[in-house]
Every structure is written in C-alpha cells, then in structure tokens.
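Asks: Need coordinates for the following:
(3 chains)
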Amino acid sequence: MSAPYAKLPGWADYGLIPVINLLVAFLVAGLVVMLVGENPLRAAGILVEGAFGRGQSIAYTLYYATSFIFTGLAVAVAFHCGLFNIGGEGQAYIGGIGVAIVCLSLDGVFPWWINFPLAILGAGAVGAFWAFIPGILQAKRGSHIVITTIMFNFIAASVMVYLLVDVIKPAGSMAPQTRTFLEGGQLPKLNWLIEMFGLPIRSSPFNITFLLALVCAWLVWLLIWRTKLGYEIRTQGHSPKAARYAGIGEARIIVITMIISGALAGMMALNPIMGDQHRVQLDFVTGAGFVGIAVALMGRSHPVGIIPAAILFGALYQGGAELSFEIPTISRDMIVIIQGLVILFAGALEHMFRPQIQTLFATLRPRSAGVEATSGEGA
Amino acid sequence: MEFFTTIVQILDSTVRLSVPLLLACLAGLYSERSGIFDIGLEGKMLAGAFAAGAAAAVMGSAWAGLAMAVLISVGLALVHGFASITHRGNQIVSGVAINFIAAGSTIILGQAWFSQGGRTPSLSAEGRFGAVNLPFADAVADVPIVGPIYSELLSGHSLLVYFAFAMVPFTWWVLFRTRFGLRLRAVGENPAAVDTAGISVTWLRYRAVICTGILCGFAGAYLALAMNAGFVKDMTAGRGFIALAALIFAKWRPVPAMMACLLFGFLDAAAIRLGGSPLPLVGRVPVQFFQALPYVLTVVLLAGFIGKAIPPRAGGQPYVKER
Amino acid sequence: MAEAAIELVGINKSFGAVRANRNIDLNIPKGTIHGIIGENGAGKSTLMSILYGFYQADSGSISVDGKPTTIHTPNDAIAAGIGMVHQHFMLVENFTVLENIILGAEGEALLGSSIAKARSELERLERDYGLEVDPDAIIEELPVGLQQRVEILKALYRGADILILDEPTGVLTPAEADHLFRILAQLKEEGKTVVLITHKLREIMAITDNVSVMRQGEMVATRKTAETTVEELAELMVGRRVLLRVEKGEAKPGDFKLSVKGLTVKDSRGVTMVKDVSFDVRAGEIVGIAGVAGNGQSELLETIAGIRTAEAGKVTLLGEEIDVSGATDPGDLRDRGLAHVPEDRHHVGLVLQFEENENSVLGYHDEPQYLKGPFLDREKIVAEAGENMKKYDIRPANPMLKTANFSGGNQQKIVLAREMEQDPEVLIVGQPTRGVDVGAIEFIHKRLIDMRDQGKAVLLISVELDEVRSLSDRILVMFDGRIVGERGPDATEGELGLLMAGVESKEAAE
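Replies: Got it, this is the predicted structure:
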C-alpha cells in the first residue's frame, strides 16, 4: 500500500491548499449572498471594515477570537488522539458553572487576580468532567464518542436552563441569569494593547482571557509535540495498534485526552462571563463550541494554524454583526453558513483540489512532484 | 375511563411525534447500511422543512412543498456523497458541515424571502397535509376501548404518518428481498466484494444517500406541512440526532428502528403531557428533566447496557481500491 | 500451439514512479493450467488485476479467445468469461454462501426467483466439479478452504471459462491445497483455462502445464513445466543463484530465557487459536516456528508480547512469570528485557506518519534516558536515531524524514534497530523479511544470527519455510493452534511440510 496522495512541498500542503479551500468556501458564501439579492463584494467590504476598520472593531474581533482559540484547541487536542469531540459547545456551557461557583462565592472576598486562577481551575474542571464521561464511555464501553458528545451538548443545555431558571437565579429576578459579579469577579480589559497602536477604543469586551488563550495555545503545542504524553496521544491517534504495541494504555490515553480537551473548552466560559457580561446568562456560548470544529480543521489542529483561524472567525462574528446592521437581510446566521462551508471545504473536501495542484506542480517541476510516497512494497 | 382516555391521547401524540424520527431514522438506515455514516440527518431534515414551508406557501400546495423538500434534501445528500464517496472525505466532518449550512441558510433565506423572523408564512389548509379519516372512524368512536383506539389513535393522522409507517415494511422488503438491498448491505460490509463482482461501489453508495435524502425530505415536510403550519427556524430541534440514536439502538434494522422511534416519541409525548405538573411519589419534576431524558437514555443505552450495536463493517471508511 | 485463451501484448502499468508492469507479453493456451511465478512485488498481482479490469493498463492490448477485448471494469472481464479468485477473498462475511454467489449476478431486481435459480445451478456445479458447500452457511462460520471454494463457485456461476487464482494456497493447509489442485485439474478437464499465480515453486511443478516467470515488473521467461527444473525457475525468479543457507556457526544454548507452558489463546471472535502450547527458548539459540499462515502463530507471538491476553497457561520471562491475563502490558515486558519485532510493521511496529526519530523510540519513549521530566529529550533521541541509521544502513539516513517515505526494507530495519539496540535478553520476531528487498533480507538474517551469537534468546515466527529452516537451531511446527512437532535445522522441506499439514499430529502428544 502506498500513501493515497503523492507528496507536495510542505508550504503547499500546509499553506496553499488550506488557503484555496478557504477561498472556495467564501466564494460559495458569496453565492448565498447573491441569492438573497445583495452584492457579495459590498458585503465583504462591510465585513472587513466592520472587523478591522477601527480599534473598537479590532477589540471585538479579538474578543470573539479568544473564545474560538479555546474551543479550537479543544477540538484539535482530541483530533490528535483520533477522537472527534463535537461536545465543545456543551463543555463550554457547563464550564460556566465552574466560573459561577468561584465568582459568586469569592467575588466580594478576593481581588480578580486571585479569583481568576481559581475560576480557570473551576471552568477547566467542570468542562473536563463533562468530557470525561463520554471519554470513559468510549474507553471502557466503546460508546461512539461522536454520538455521546452530541448527546451531552443537549444534556448540558437542559442542565443549564434548569440551574439558571430554578436554582441560581437571584430571588425576585425575572431573567434566567445569575446576579452581576462584584469587582472581584471582573477581569481587566486589554483595550490598552490596541490603543498602543494609536487606535482609540470607547469600550469593548476584549479582556485578559485573550492572553490566557495564547498561553494555552503555546501549552498545547508543547504538550502535543514535546512531551511524552503528547507523543502517546499522537501515537494513539495515528495508529491504535501501534499504541497498544508500545504499551500505551488506550483507555487511559483516551480519558486523559478528553479531560484536556474538555478543560480547554470549559475555559472558554471565562471570556464572556468574567471578561464581559460579569454574570452567567442563558446561551452565553452562542455556538463558539461548534466554531471550534471549523477553527481546528482550518488550523490543521496546530496552534500556529488555530490562532489565525480563530481570529478569522472572530472577524466574521464581529464583521457579521456590522454587516447585519448595514444589510438587514444578511443576519449573523450568515456566519453559521460560512462556518459550515469552511468545515466542508477545509475538512471533508480538503483533498478536492489536490490532484489539480499536484498536476500543476508536476508541470512546473517535473522531477520533484508526483513521486510515490513509499516504494518497495506491493506493486 | 379518564385514565384510558389519557393513555390514548398520549399514544396518539406519540405516533405524531415519532413520525419525523422514524422517517429520518429510516433515511439514515439506507446511507449507513451502505457504509456512509450520516450525522447530517438533522440538517437535511431542517432544509427539507424550510423548502416545504417555503414552496407550500408560495405555490399553495402541500404536494409542491413535499416535492421541494425532497429536492433540497437530496441536494444536500448529494453534497455529502460528493465529499464522502467521490472525495473520500471524513463522513462525520461532512455531516457536521451540512448541519451548519442548513441551519444558517434556512434562516438567512427565510428572512430574505419572507421577512417574518426566519418563519415561512402560515399555511392554509391546501398548503398542509390534513388529517385522513379512516373508514367508519366516526361510526365506531363510541365503542368502548376499541372505538377510541381506532378513531383517535389509528385514524385522523396526515397522509405522511401512514406513509412513514408503511416505509418500515417497505424498507425491510427492499433490504432483504431485492437486488438493490442485497447490494446495499454488501457494500456496507465489504465494498471490495461488490467492486470485484462488477458493481460500481460509487454509484451504489450514491443511490443509498439519495434514498436518505428523499426520506429526510419527507421528514422535513412532515414537520412543516403536517405537524405545524409552516417552517419555524430550528424546528428540527435535535430530532435528527435522536433519529441517529434510534438507528443505533435498532442495530440498523427497520422494525427495531420503528420501535426505538416510538419509544422516543413516547418520551416526548409524556414530557409534554406531564410538563410541570407534579407526579405521584416524586413530586414536581422540572420540565428540563424530560427534555434531557431522551439524550440521557441514549447515552445510557449507548454505554452498552442493552447488548452491542455493531455497525456495518465498512461504515465510516472511504473505499479505496487496494493495490 | 493451441489456440490462446488469453493473449497480452505490451502491457505497461505504473503507479506514480513505480513501474509495476513493463512491456508484458503473455500467451496462455486454452485448456491449460498456466503458472505465473515471481517474488513478492514482481508485478504478478498487478498484471492479473489488469486482466480482471480492476486496474487499467497504461498501454498494451488484451485478446481473449483470439478476439481483441477491452477490459475496463470487472464487468467486462466477467462478460469475457474471466473469473478471479483473489488472495484476500472478496466475500461478504455475514452473508450466506448463496447471497455471496448471486451478488452482482442476480439477474432480476427481485431476489426470490434468482435465489431459487442459483440454488439449482449451484447443485449442478457441485455435482460437476466436486465443490460441495452448504448454500445457506454464513461465510464467517466456514473454514478458509471452504470460503475459497465459494470464490471458485462465484466465478463458475458467472460462466467463467478462464479462472485466475491469486496465491490461492497461502492460507491453506497442504491437504486443502491438494484438494484445490484436484479441483483445478478437474476444471482443466472440463476445458477451462486456469491461471495460477504463486511464489511457491512446488505448486508450479506439481500442477501447471506451462509457467511464466516475472521479475521486477518484467516477464522474463515462459517454459513448459515438463521441460524446466525448480533450480532454473528459482534462478529466473531472483535473477541469481538462490542463497538458501545463511552462514552461521554452531549454537551454544545456555539458560532458559523464555518458557511457555500450556498457553491457550482465543481471538476476538472467540475462536481458540492457540491450544495448549508449551516450549522453551534458551540463551544463544534461535527457535523458529513454522506453519501455514493462520494456524495460531500470530496470536502466540502477540500473547507473548503482551498485546493479547490468554485464556490459560503461563509464560515465564527470565525466570519471572508474566501475567498473561492482561495485567502485564507490553511496556512492562520491554522493561524486563523482551523486545518484539511485530509481524505488521505498517500498523503495529511503526507510526508511518511519524518522523523516523519518533519511531526510533516507539515503546521505549517512557524510558528515563529519553525523558527530561515530562518532555521527550529530542536532541538525544535524534542523535541516537542518526547513529542507528548508520549502523543499520538505513537509507536515506535522515532521522527527521517521515517514516512513510522509507522503503519497506528500510522501514523494517528501523524496527529492528530499535528493538535490537535496546540490548534485550529475549527477542521475538514475526515475519522479519515480509515485503523486504533481497539485499535487506540478507542483512536482517545476519543481524538475527549476531543476536544469537551474543547469547540472546530469539523466537522467530515466519511463514517462509526457507527462512525458518536457514535461521533456526530448532524448528517447531504449528498446525491448528498446536505445536505438532519439533525438528532440527536439518529437517527436510518435505518432512516439515507434512507436519505443517498436520499429518503427524499424533507426535504432539509425546
């Protein structure tokens, strides 16, 4: 057996092909815009302007990107172990409980810089727990993790509604949400980071969780490519039989990977809750868990790819908000379509343009392209 | 007697609620039996429902709605086929993508065309599939026990309900008594055997996903044209995933699939009936508990406490000719 | 010369840069049994896949029964009267025999009448050719020999006049193989043409009328079987004198290093694959286990390596008992001095997507010497991998290269280097030279002898009888899950062949 696809230079593999896939996804999205009778170029212009035009919009873009880095990393870590964690949405949602517990009990006691690490632990732990159950069911009972994590998204939604409506809603309040946190439960903004470049900001939700997200991205890189645990995760992901041969316990590695993945997804809750709204509201995740799938696929499960992919989706969210303001027929649900298209073209159809590109490379440099990946076997 | 009436009512709504599950579940059966996993049932159903609502509103005909639902759903099924059969992409990823594309575009297009906040206009009677009264339903309604069962439980459903239940034996017949079914089952188990027997794996699998598309279209049309009077955004509300779970319980067989769908339909019906009201012994149970119960049960059952569900052996893997 | 059933002219086929078939000309006379031999990778299977329409040739022409025929799909081949029995059976395992036979040849859209027709047709075929098989049996419940019979029936049911068999005896016991040959002779009698692809010379000599030899994608010769010899064919096959004997001195067996007592192993289907197996391996000797593939050798090897759990029995490694019920994992065994070269390097012994250096510590990645806290000591791993690549002549000698980009022989050397350089006390090796080029085979054999001479205990499992005979100091033969006999290295091929067929199974009781 040979590899199904011949080799391309690394930059084409990791740069050119993803970019082409992305362009196609946007082209198709443009067709949808035309279908509703608008000009896609104008829409794209508004979108870019809305996402990067002012300091304010950049701050919003990065605020959204923060959430997507977490969920993207969560999906990516699971991918490396050969697991498809579709449960990021539920893990992030339920992670809100961890933040709420810390903030509601300690926001009047400690300053934010003590509560923040505690909330990180809280959000991570609850998110990890929510991923642990599907993980252990996969490891011990062989329950298909794709299905169980989907189910856990729905269960998380019911649990959160119950908690917010019946349990932690302050007495006398109508809205299904917690009370507003005191100062000890509010994270500092990062607006100065953008203002440094001379771009003034009135107010924005952009906060220090962004830095945490970057640290997490670096830690994930370290974990996957430099540690023993990461080596074991990748071995399991590429070849479960080789992992068994190497003495890597399958159940253990699946459970650990899901815990890490769930913890990353859970930490996403910090960004909107402690960073922006200062309370836990219904549906605060707003699809970020699912965006993580697109982000991880686009970023090829590598932190270096995930950060720009997350920023791109952050821009779509922010620019999309502006867009729906300017062109009411294009609501923010346009982003959901783009997300689906990115998943389709960067994920399921990632090899669609490969043969053509290979032919192109073969004609440009006939001797280096199109060479079989393996030889000496079969034939 | 009042208790009996309640039971009949709950069972009646069980039937109504299980129909979209059943159609989607049978839809998934065709695809997955051929070796193509499909978690995009939800998306196809949703797109089908939107197409049905939109077309029925514009053309004023339920049949036009149904036709459009099938057309659009088959279109999405072909996208799934294109990604996972022709391009050997990851079938789960492709399914996820289709769900998002459907979720987003039904709202965008609905808003752009009808400007009713993602709804399609409310349908008149011609735009819907109305109730079909079985012969003598009124005549026997007063007969004790049998009367209500016949006139309420069995009679008075829309055409699509009868269609859905008729699809169960039909699907069984197709799978086990026709050439197409033999080949379909074979390609899900060992595509190489099918290939060397001179049958095109690609075409066979495409036909399977087209069947899936057709039935998902029916499921969507039922939601928009029979259960409701038009399309409402996100109206599938996770039913595609429940159908998928039912398919797993049923171990990819038609009759058990019907049983599983009826069970989930029953849970749904019971939740609506009981919602909020106190139960004997346990007191008031939060409505979210009932909402989550099908999913919890699915997980419990998936954990293998009712035997092992072995999927078609070639499921999820793209077919590559070996050298 | 009789009329040609098949005539191939100038067939070429490339996969990427690999030219699997080059300018093949072949003439197969009608009503004969024609052998095609060649080593693994000589291009035999590719050629037959072209003939069966599974691949299309890049150039060249095919004539069937004297008529030029285009064969683009298996359907074309079937229509031209060509049937094929694949090396890996193309059967749907949970279907009945009958369902498998009609698949693709159902006739009409409804199964009812076609099944009835197939049943009577099957009865006729069974009568005519002595091919009995229960039409309602489920394939996965049938023994391999019968599954193959279903494959032959499938071809005949489709009206095949030309039957191609690709390595048909690889999975059969000699008794089953003999039965198959009788069936083939019967088919020839009925006027069918049989093409037999194999790399076993004995089969060629026993049954064929003519034989064609392939080497590195080329057709190097065609002979009448009666006018050639095993030696000539072997030379044509490899292109030089076959080196059957590996240079080695006397074994100096020392202490018992590995003992297996009463080991019984079931596979995932619950079938008992290893039945009450006992043997010892001592320091400084190579114990070879011979047997036809599928007689429990793989399961035995995996159980000793800790990958598989046993139902009963015990394994003692360096005087300490191993928990064979599953508590001992392969990592613990490595720590205790057991190295394992698995049969399947692609999926088990290597992670093909990894860089070479990453594979050079697979299984040893948790040894303190390769770790710095929770991190892998990359510098050390890469440096050591580089050294081993030189020592084992692994090319290209670049430890950063993706493992998939090495050839089969070099991949195998990566595994061997890793397992041997950890200085194990006991080395267990499965199929060390499967899919490996000739040069690498010699190298690997020498290294195994070196291990023995350094006083290591080596357990070798191979389906290549020649390999077992030339390397082993003692030969155990496995048949149907049992060790049916032990012989010295001077045992003849015939003697071992009988044991492998289970003929002298009484001796096992001794």
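Asks: What are the phi and psi values at whichever residue of the stretch 201-350 of chain A sits closest to chain C?
Replies: Nearest residue of the stretch 201-350 of chain A to chain C: A:Gly247, at 2.5 Å (Cβ to the nearest Cβ). For the C-beta atoms, the positions are set from N, CA and C on the backbone; glycine is no exception. Here is the backbone geometry of A:Gly247 (degrees, to the nearest 10): phi 80, psi 20.
Asks: Run a quick neighbour tally on whichever residue of the stretch 401-510 of chain C sits closest to chain A.
Replies: Residue nearest to chain A within the stretch 401-510 of chain C (Cβ to the nearest Cβ): C:Ser407, separated by 3.3 Å. Using other Cβ atoms under 10 Å in any protein chain shown, C:Ser407 has 18 neighbouring residues.
Asks: For the stretch 101-250 of chain A, what lies in contact range of chain C?
Replies: A:222, A:226-229, A:231-232, A:234-235, A:238-239, A:241-242, A:244-249 (Cβ under 8 Å from any Cβ of the partner chain).
Asks: tell me which residues in the biggest helix by length in chain B are buried?
Replies: Assignment by DSSP state H gives helix B:2-33 as the longest helix of chain B. For helix B:2-33, the neighbour count (16 or more other Cβ atoms under 10 Å in any protein chain shown) marks B:8, B:11-33 as buried.
Asks: One more: stretch A:40-49?
Replies: A:Pro40, A:Ala43, A:Ala44, A:Ile46, A:Leu47.
Asks: Out of the residues you listed, list just those in strands.
Replies: Using DSSP state E, no member of these sits in strands.
Asks: ok, of those residues, which one's closest to chain B?
Replies: Closest to chain B, out of all of those and judged by Cβ to the nearest Cβ, is A:Ala43, at 11.6 Å.
Asks: For the nearest residue to that closest one once chain neighbours are set aside, give me its contacts.
Replies: Distances taken as Cβ to Cβ, 6 or more residues apart in numbering or on different chains put A:Val33 closest to A:Ala43, at 5.1 Å, once the chain neighbours are dropped. Contact partners of A:Val33, counting by Cβ atoms under 8 Å, 6 or more residues apart in numbering or on different chains, are A:Asn39, A:Pro40, A:Ala43, A:Ile330, A:Met334.
Asks: How about the secondary structure of whichever residue of the stretch 301-450 of chain C sits closest to chain B?
Replies: Proximity of the stretch 301-450 of chain C to chain B (Cβ to the nearest Cβ) peaks at C:Gly435, 12.2 Å away. Under DSSP: H, G, I helix; E, B strand; the rest coil, C:Gly435 falls in the coil class.
Asks: how about whatever residue of chain B ends up closest to chain C, what does it touch?
Replies: Closest to chain C within chain B is B:Ala197: 2.8 Å, counting by Cβ to the nearest Cβ. The contact partners of B:Ala197, by Cβ under 8 Å, 6+ apart, come to C:Pro74, C:Met90, C:Leu103, C:Gly104, C:Ala105, C:Lys154.
Asks: Need the per-residue pLDDT for residue 332.
Replies: You didn't say which chain, so I picked chain A. On the pLDDT scale, A:Arg332 is placed at 83.
Asks: My question was about chain C, not that one.
Replies: In this model, C:Asp332 carries a pLDDT of 89.
Asks: so it touches A:Gly249, yeah?
Replies: No. With contact defined as Cβ atoms under 8 Å, C:Asp332 does not reach A:Gly249; the gap is 11.3 Å.
Asks: need the contact list for whichever residue of the stretch 201-350 of chain C sits closest to chain A.
Replies: Closest to chain A within the stretch 201-350 of chain C is C:Gly331: 2.5 Å, counting by Cβ to the nearest Cβ. Applying Cβ under 8 Å, 6+ apart to C:Gly331 gives the contacts A:Ala246, A:Gly247, A:Ile248, C:Gly363, C:Asp366.
Asks: For chain B, which segments count as strands?
Replies: B:131-132, B:157-158.
Asks: ok, of the contacts of B:Ala197, which one's closest to C:Ala234?
Replies: Ranked by distance to C:Ala234 (Cβ to Cβ), the contacts of B:Ala197 are led by C:Met90 at 31.0 Å.
Asks: doesn't that closest one fall inside a strand?
Replies: No. Using three-state DSSP, the secondary structure at C:Met90 is coil, not a strand.
Asks: Identify the residues contacting it.
Replies: Counting by Cβ under 8 Å, 6+ apart, C:Met90 has contacts B:Asn190, B:Ala192, B:Ala193, B:Asp195, B:Thr196, B:Ala197, C:Glu151.
Asks: I figured the third one was touching B:Ala186, is that so?
Replies: Yes. Applying Cβ under 8 Å, one finds B:Ala193 in contact with B:Ala186, separated by 6.1 Å.
Asks: who's more crowded, those two?
Replies: Comparing B:Ala193 with B:Ala186 by other Cβ under 10 Å, the one with more neighbours is B:Ala186, at 29 against 26.
Asks: that older thread, return the distance of the residue of chain B closest to chain C relative to C:Val144.
Replies: Plainly put, B:Ala197 is 20 Å away from C:Val144 if you go by Cβ to Cβ, to the nearest Å.
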